[in-house]
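Asks: no sequence on this one, just coordinates:
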């Protein structure tokens, strides 16, 4: 009797988790779809931000409409769910993105930015596919790499910007990155990504393969 109730409870829990994960994955998939559409339709490569409102809007939009950046954010969010202190990985990623913008503003040249960003994203995606749990330090370093090159890429896309609009841009960009990454982290928690017996292992593998495939496309486009 007790075992029957316990098995029923587990089945109900797994069904509920599956529904929650499906909704979250649908939302993230919609963001990626919007990002890809924006990339294909084209956005200004370099934008002159003249006021704080424009800085706020572009800061919110850039991490989402840039598909190469959004894929990295999703990968970091999922991997951060593996660790109890995974929020530190998210924090390192966000701080590295700010540093990347600052580096560009000081006109320090980082060659091969898009190639390095694509490779870092591929590394993160492969960690999702691997059966063994990823190492915290390796994930953190990969997250820092992705954040640094994402920030540098965002810095390349803005010009003729004043101090106040720049601060507004950075704050809104950080909030967007943090919000999306934490949302994806919740998906990872619901999928049991940090557990030995993962609840939905096949969905984790599919997510990792999809992100890896998209990042490989970005890498090939950057090399050509």
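Replies: That came in fine, so what should we check first? What you see is a predicted model; the values in this text were computed from it and never measured.

Asks: going by C-alpha atoms from here, please, whenever you check contacts or count neighbours.
Replies: Fine.

Asks: isn't residue 126 right next to residue 208, touching?
Replies: Yes - in terms of C-alpha atoms under 8 Å, residue 126 counts as a neighbour of residue 208; the distance is 6.5 Å.

Asks: looking at those two, which is more packed in?
Replies: For residue 126 against residue 208, the residue with the higher neighbour count under other C-alpha atoms under 10 Å is residue 208, and the figures read 23 against 16.

Asks: what strand or helix carries the more buried one?
Replies: For residue 208, the enclosing helix or strand under DSSP states H and E is helix 201-223.

Asks: give me the buried positions along that helix.
Replies: Burial within helix 201-223, assessed by neighbour count using 16 or more other C-alpha atoms under 10 Å, is assigned to 203-205, 207-209, 211-212, 214-216, 218-219.

Asks: avg pLDDT for that helix?
Replies: Averaged across helix 201-223, pLDDT comes to 80.

Asks: counting by contacts, list what that helix packs against.
Replies: Contacts of helix 201-223 with other secondary structure elements, assessed using 3 or more C-alpha pairs under 8 Å, 6 or more residues apart in numbering; DSSP states H and E, are made with helix 67-80, helix 113-129.

Asks: would you list those helices in TSV and tack on mean pLDDT?
Replies: Formatted as TSV, the entries for the helices and strands packed on helix 201-223 read as follows, by pLDDT from 0 to 100:
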stretch	mean pLDDT
helix 67-80	86
helix 113-129	86
